[in-house]
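> Got a sequence here, can you model it:
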Amino acid sequence: MPYVPAASADQTKRPTGPATRLLTPKRRAVLLCAVVVAAFLAVSALAPLPYTKTTPGLTADALGSFEGHQVVTITGAPVRQTTGSLRVTTISATLPNESISLLQAVDGWADPKVAILPRDSVYPPSNPGAATQEMTQARDSATVAALNYLHLSPDQVKVTIDLGDIGGPSGGQMLSLAIIDKLAGNGAGGDLTGGRNIAGTGTIADDGTIGAVGGVSLKTWGAVKDGATVFLVPRGECSDAKVNTPPGLRLIPVNTLSDSLAALRALDSGGALPSC
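As a prediction, this is how the structure comes out:
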């Protein structure tokens, strides 16, 4: 019979190279854990989160029309022809039933023109119709504040305001200014705007007090996009407005309707103006 040599000890050993060491039980366990973690992170990155993405929104010129309708219509008193713009500013938000992913949230947090906010802070679950109710109140208060300033009776002067689907209370200040500009201008035969494109935000109370609204750092970008060079901001929100102010936009802080009117007159005459 032919002789077949027995296998040597070296020949029977298993290879011990790098590839084999990677497949040891301990390394296989670590690799498996890494795969599980990676899969978890991938799913988490795509999973919906209870947040809303907000961006600069449209502006509406309160002296003109919006979505095909005159924003401010006045009857019962002579109405002036005006120049320039008084822009109500807004933010745009994902819908209440929309969700964003972790990846979208991270991208938003890194973008100065995006704000990622808890959904409940934008759409309160206890009152889903709040934005419409707040706009109704803003229209009423803007009218009362303007007519009170001009010492006109709401029984003789009727004001109708149509901002389409825009909701919330933040248009109050600019709507009051538009009513005053249409009825009385700057009080000296000229326009409140001086022909400028002016934007702003802020709630307004019946007594003319201007309140904070939020979203100012986004609204300034929307204002500049539509050509505004001046922005009237509630004084308490100056620090927020300055965080991300677009180039070429002048921020003017105000506390009351009288402050806003004085600032616009000073802007036109070259007088001293407050700044954020």
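> going forward, measure contacts between C-alpha atoms and count neighbours the same way
Will do.
> what stretches of this structure score poorly on pLDDT?
Within the chain, the stretches with pLDDT under 70 are 1-49, 108-109, 121-122, 124, 126-129.
> For the spatially most central residue of it, identify the helix or strand it belongs to.
Centroid-nearest residue in the chain: I91, 3.4 Å away (criterion: Cα atoms, centre = their mean). Using DSSP states H and E, the element containing I91 is strand 85-93.
> got the buried residues for that strand?
S85, L86, R87, V88, T89, T90, I91, S92, A93 (16 or more other Cα atoms under 10 Å).
> tell me which element the spatially closest residue to A272 that is not a sequence neighbour is part of?
Excluding the flanking residues, the one nearest A272 by Cα to Cα, 6 or more residues apart in numbering is A266, at 6.4 Å. A266 belongs to helix 257-269 when assigned by DSSP H and E.
> Give me the buried positions along that helix.
So for helix 257-269, counting by 16+ other Cα under 10 Å, buried means L257, D259, S260, L261, A262, A263, L264, R265, L267, D268.
> quick one: which of those residues is nearest to K219?
Among the buried residues of helix 257-269, S260 lies closest to K219 (Cα to Cα), at 17.8 Å.
> follow-up on the earlier one: is it correct that the residue nearest to the centre of the chain is in contact with S217?
No - in this structure, I91 is not within contact of S217 by Cα atoms under 8 Å, at 9.8 Å.
> ok, back up a step: would you reformat the buried residues of helix 257-269 as CSV and include distance to L232?
As requested, these are arranged in CSV below (distance: Cα to Cα, whole Å):
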residue, distance to L232
L257, 11
D259, 10
S260, 7
L261, 10
A262, 12
A263, 9
L264, 9
R265, 13
L267, 12
D268, 14
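> Please give me every residue in contact with P50.
Residues in contact with P50 (Cα atoms under 8 Å, 6 or more residues apart in numbering) are S99, I100, P118, R119.
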